[in-house]
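*Asks:* what follows is a predicted protein model with its sequence.
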Amino acid sequence: MPRRSAALKPQFVRLFDDRSRMLYNSMAYRKAVLRIGGIPFTLTEWRAWLIKQLGGTPEGVVKCAYCNLWLNISNVVPDHIRALKAGGSAALDNLTLACGPCNRRKGALSDSGFRNLIQFLLTLDQWDMNDVLMRLAAAGEGMKAQWKRNKKTREAKNEEPF
């Protein structure tokens, strides 16, 4: 096994800096976060938290909180343990690291609710599990399309969303 250099390669430092900034901005400018006054941590605090979660180094790896897929800075996605829609906080202590598919599938489910769903899906055969996951994804996309249609109607009528 080759020895790893003590210093990070410049291209990896750039990757970590770019990806961590992109993830931070993605969280900071979500409508739900802006509605509650923004995120209560700085980019520097976010990067320190992210490094800690990645095992103490920017080049570290961690398993998805839900499916145990190995992740690194290039494919990790922050997930709110308790969704903002369900009254969760935007603070770092309400975040975990997940893969993109788990983050999208979880949606606004609670952490325990999503873990229970995963346990149920694992009792199904592969065909049935894939069918359920496909239907969940399709329903999510359908809801987004419906929201966009309703938004256009509300804007035309100049109505409030709720």
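*Replies:* That came through, no problem.

*Asks:* and the helix or strand hosting residue 116, what's buried?
*Replies:* Here residue 116, judged by DSSP states H and E, is contained in helix 111-121. By neighbour count on 16 or more other Cβ atoms under 10 Å, the buried set for helix 111-121 is 111, 114, 117. In short, each C-beta sits where N, CA and C put it, glycine included.

*Asks:* with stretch 81-93 instead?
*Replies:* In stretch 81-93, counting by 16+ other Cβ under 10 Å, buried: 81, 83-84, 88, 90, 92.

*Asks:* what lies in contact with that stretch?
*Replies:* Outside stretch 81-93, the residues that touch it by Cβ atoms under 8 Å, 6 or more residues apart in numbering are 27, 30, 32-33, 36, 38-41, 45-46, 49, 80, 94-96, 107-111.

*Asks:* just stretch 19-29 next, same as before
*Replies:* 33, 38-39, 43, 46-47, 50, 73-74, 76-78, 90.

*Asks:* now do 10 Å
*Replies:* 33-34, 38-39, 41-47, 49-51, 58, 72-78, 80, 84, 90, 95 (Cβ atoms under 10 Å, 6 or more residues apart in numbering).

*Asks:* that stretch: which residues count as buried?
*Replies:* Buried-residue list, stretch 19-29, by 16+ other Cβ under 10 Å: 19-20, 23-24, 27.

*Asks:* how about the buried residues of helix 111-121 in TSV, adding distance to residue 151?
*Replies:* Supplementary listing: those in TSV, determined by distance: Cβ to Cβ, whole Å:
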residue	distance to residue 151
111	29
114	27
117	28
